[in-house]
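S.K.: Prediction below, plus the sequence it came from.
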Amino acid sequence: MKSILYLFLLFSFVGCSDVSNNTETFSDNKTEVNDNDQRLDFLSKKAIADLAVIPFDSLNIPRTIEDGALKGTPSKSWTSGFYPGMLWQLYGYSKDEKLKTAAMQWSAVVEKEKWDGGTHDLGFKIYCHFGNAYKITKEEKYKNVFVTAAKTLSTRFNPKVGAIRSWDHHEHLWKYPVIIDNMMNLEMLFEATKVTGDSSFYQVANQHAMTTLKNHFRADNSSYHVLDYNTETGEVVKKNTHQGLNHESAWSRGQAWGLYGFAVCYRYTKNSAFLEQSKKIAEFIFNHPNLPEDLIPYWDYDAPNIPDEPRDVSAAAITASALFELSKHDKPNAQKYINWANQILTSLEKEAYQMETAPFFLKHSVGSIPGKFEMDAPIIYAEYYYVEALLKKENL
């Protein structure tokens, strides 16, 4: 019976999907808004139907599909916050209590991670859902969770380096690694200052962004993935990659993290240097000769066997969300960023990228080619940033 309900909901909304799939460009604003509403309505109903076929398991928070079956993770994983975060986002749009109930249930499993001082990923693990929960409900209990997580994250800041330590693993390679992904965890710190008045969070986030801006980028404004720092002098020891093609390549998801992170930093600080860096990253991405016509990047911009390399839909979804953010801060170029983001969303609505298997909406993301995992798979953070991009488009 559950399967029949799920299929009914999917087939009853296929017409909405087809309308979006046939939209190559956006010239009629009313039509564009209506299409976006239809897409969010469809995703909300699909997410509700998916609840019936995803067993609640505190040790298996949805992450990907492996060998044809849903693969989950415990709360310790850096991806544990994305599924509850996506549910909160869709609840905020639809106000359907089934989504809220499920979001609360899955969030409760991850809440204990607010005390995890062994990782920089607390923004991903905590703020993606408790931050959304607070924005939607204004309930203090949700704010208190991400403020506690911000305090925990701040303990990883080294004033000599001027950055938050990313990983405690791979010590044989890096003594004090800082990765571009870490820019995504700064929003939680900035927001913690906003809701508490405690400036210490702001100071840590701002200094981390300044250090990253100084050291992480090449002359063409592409980003290294991993930098290793000397904790005594604060000097850069190594500039490496962990998930890109090689140390000098431009790993596509890393470029998206930087684009997004610096746009958000500008929102809170109004430091023009952060805005300029976000703009420069956008220009690097969209002027790159290896960016495909549909704007869904290969897993690395320097991948050697284009066009036969895997695409990374997650990088595209993150980029689209980042572009809507950037459009709010760079008014002279806003329409350009909106057009790029809209084209990405239009591409993602094509059959080649759509996914029906619960709880996913999109396929063809990449976890790690060098690590040989999730090399062409649906991955839950692609869904999160896809929904976020659609919501940002809705609120423009």
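M.R.: Cool, the structure landed. Residues are numbered from 1 along each chain as shown.
S.K.: what are the ranges of the helices in the stretch 51-200 of the chain?
M.R.: Secondary structure of the stretch 51-200 of the chain (DSSP state H, counting those that start in this stretch): helices at 82-94, 97-110, 122, 132-137, 140-154, 186-196, 199-215.
S.K.: count of neighbours near Ser272?
M.R.: Neighbouring residues of Ser272 were enumerated by other Cβ atoms under 10 Å; the total is 10. From N, CA and C alone the C-beta is placed, and that goes for glycine too.
S.K.: Report the spatially closest residue to it, excluding sequence-adjacent ones.
M.R.: Tyr266 (7.6 Å; Cβ to Cβ, 6 or more residues apart in numbering).
S.K.: That neighbour: what's it in contact with?
M.R.: 272, 274-275, 278, 329 (Cβ atoms under 8 Å, 6 or more residues apart in numbering).
S.K.: Next, work out how far apart it and Leu213 are.
M.R.: When distance is defined by Cβ to Cβ, to the nearest Å, Tyr266 is 11 Å away from Leu213.
S.K.: repeat for Lys141
M.R.: Look at Lys141 and Leu213: by Cβ to Cβ, they are 35 Å apart.
S.K.: which of the two has more neighbours?
M.R.: For the pair Lys141 and Leu213, the greater number of neighbours falls to Leu213 (18 against 11), based on other Cβ under 10 Å.
S.K.: Spit out the contact partners of the more buried one.
M.R.: With Cβ under 8 Å, 6+ apart as the criterion, the residues that contact Leu213 are 262, 273-274, 277.
S.K.: Filter the residues you listed down to the buried ones.
M.R.: When the contacts of Leu213 are checked for burial by 16 or more other Cβ atoms under 10 Å, the buried set is 262, 274, 277.
S.K.: of all the residues you listed, which comes closest to Asn342?
M.R.: When these are compared for distance to Asn342 (Cβ to Cβ), Phe262 wins out at 21.5 Å.
S.K.: Okay, and that closest one sits in which element?
M.R.: Secondary structure from DSSP states H and E places Phe262 in helix 252-269.
S.K.: Would you mark the buried spots in the following helix or strand past that helix?
M.R.: Downstream of helix 252-269, the next assigned helix or strand under DSSP H and E is helix 272-286. By neighbour count, with 16+ other Cβ under 10 Å as the criterion, the buried positions of helix 272-286 are 274-275, 277-282, 284-285.
S.K.: from the residues you listed, which two are the most distant?
M.R.: Pairwise distances across the buried residues of helix 272-286 (Cβ to Cβ) peak at 17.0 Å, for the pair Phe274 and Ile285.
S.K.: Three-state assignment for Asp228, please.
M.R.: Counting by DSSP: H, G, I helix; E, B strand; the rest coil, the backbone at Asp228 sits in strand.
S.K.: That one contacts Asn240, doesn't it?
M.R.: Yes. Assessed by Cβ atoms under 8 Å, Asp228 is found in contact with Asn240 at 7.0 Å.
S.K.: Touching both of the two, which residues are there?
M.R.: Counting by Cβ under 8 Å, 6+ apart, the residues touching both Asp228 and Asn240 are 173-174.
S.K.: which stretches of this structure have low pLDDT?
M.R.: Scanning the chain for pLDDT under 70 picks out the ranges 1-33.
S.K.: So what touches stretch 135-142?
M.R.: For stretch 135-142, the external contacting residues (Cβ under 8 Å, 6+ apart) are 88, 91-92, 130-131, 133-134.
S.K.: shouldn't Val147 be in contact with Thr193?
M.R.: No. With the criterion set as Cβ under 8 Å, Val147 and Thr193 do not qualify as a contacting pair; they are 9.7 Å apart.
S.K.: out of those two, which sits in the more crowded spot?
M.R.: It is Val147, of Val147 and Thr193, that has more neighbours when counted by other Cβ under 10 Å, with 24 against 20.
S.K.: For the residue lying closest to Ser347 once chain neighbours are set aside, grab phi and psi.
M.R.: Excluding the flanking residues, the one nearest Ser347 by Cβ to Cβ, 6+ apart is Asp294, at 4.0 Å. With angles defined as degrees, to the nearest 10, Asp294 sits at phi -90, psi 0.
S.K.: can you check Ala316 too?
M.R.: Backbone torsions of Ala316, given as degrees, to the nearest 10, read phi -70, psi -40.
S.K.: Next up, the contacts around it.
M.R.: Taking Cβ under 8 Å, 6+ apart as the test, what Ala316 contacts is 256, 295-297, 344, 347-348.
S.K.: That one and Leu59: what is the separation?
M.R.: 30 Å.
S.K.: same question, Ala163
M.R.: Taking Cβ to Cβ as the measure, Ala163 and Leu59 are separated by 33 Å.
S.K.: Now the closest residue to Ser222 other than its chain neighbours. Its backbone dihedrals?
M.R.: Leaving aside its sequence neighbours, Ser222 sits nearest to Ala250 (Cβ to Cβ, 6+ apart; 4.0 Å). As for Ala250, its main-chain torsions (degrees, to the nearest 10) stand at phi -110, psi 90.
S.K.: okay, now Ala250: neighbour count?
M.R.: Applying other Cβ under 10 Å, we find 25 residues neighbouring Ala250.
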